[in-house]
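> A predicted structure for the sequence below; I have some questions about it.
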Amino acid sequence: MAWLLVVVAGLLETGFAVCLKLSHGFTRLWPTVAFCVFALGSFGLLTMSLKKLDVGPAYAVWTGIGAAGTAIYGMVFLDDVVSTLKLISISLVIVGVIGLQLSGSSH
């Protein structure tokens, strides 16, 4: 269950990163509100998961999901540049996240 919280927190991290861009420096109300909701949810779920998980693997999985998710979202919806190297790098991040999740121990 703790790993599920980390995964959802990572997906919420993607949401707050995208909303941060869409807020244009916190000058647009609804993206700013969404940023706050996603950020609080993400940090809250990560905090709950850390009661059971080691901080290193949990944090790495959280940031990996957020980074990969944000990059993918940007390429698909925000016209970010797509390149072979970028896709390979995102794939490596995802493989690393899976490896860290499988290696993580719970208390």
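Perfect, thanks for sending it.

> residue 17 against residue 68, yeah?
No: counting by CB atoms under 8 Å, residue 17 sits too far from residue 68 to count as a contact (11.1 Å). For glycine as for every other residue, the C-beta is placed from the backbone atoms N, C-alpha and C.

> which residue ranges form the helices in this structure?
In the chain, the segments counted as helices under DSSP state H are 2-22, 29-49, 55-77, 84-103.

> would JSON lines of the ones you listed with mean neighbour count and mean pLDDT be doable?
Formatted as JSON lines, those follow (neighbours: other CB atoms under 10 Å; pLDDT from 0 to 100):
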{"stretch": "helix 2-22", "mean neighbour count": "19", "mean pLDDT": "97"}
{"stretch": "helix 29-49", "mean neighbour count": "16", "mean pLDDT": "98"}
{"stretch": "helix 55-77", "mean neighbour count": "18", "mean pLDDT": "95"}
{"stretch": "helix 84-103", "mean neighbour count": "14", "mean pLDDT": "91"}
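
> OK, contacts around residue 9?
By CB atoms under 8 Å, 6 or more residues apart in numbering, residue 9 lies in contact with 41, 42, 43, 44, 45, 46, 49, 62.

> if we use 6 Å, what do you get?
Residues near residue 9 by CB atoms under 6 Å, 6 or more residues apart in numbering: 42, 45, 46, 62.

> could those residues be laid out in CSV, adding distance to residue 23?
Below are these laid out as CSV (distance: CB to CB, whole Å):
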residue, distance to residue 23
42, 16
45, 22
46, 21
62, 21
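
> of the residues you listed, closest to residue 97?
Residue 97 lies nearest to residue 62 out of those, by CB to CB, at 9.0 Å.

> wouldn't that closest one be in contact with residue 11 here?
No: with contacts defined as CB atoms under 6 Å, residue 62 does not count as touching residue 11, sitting 9.8 Å away.

> the residue nearest to residue 67 when sequence neighbours are not counted and residue 71, how far apart?
Using CB to CB, 6 or more residues apart in numbering and skipping the chain neighbours, the partner closest in space to residue 67 is residue 93 (6.1 Å). Applying CB to CB, to the nearest Å, the value for residue 93 to residue 71 is 8 Å.
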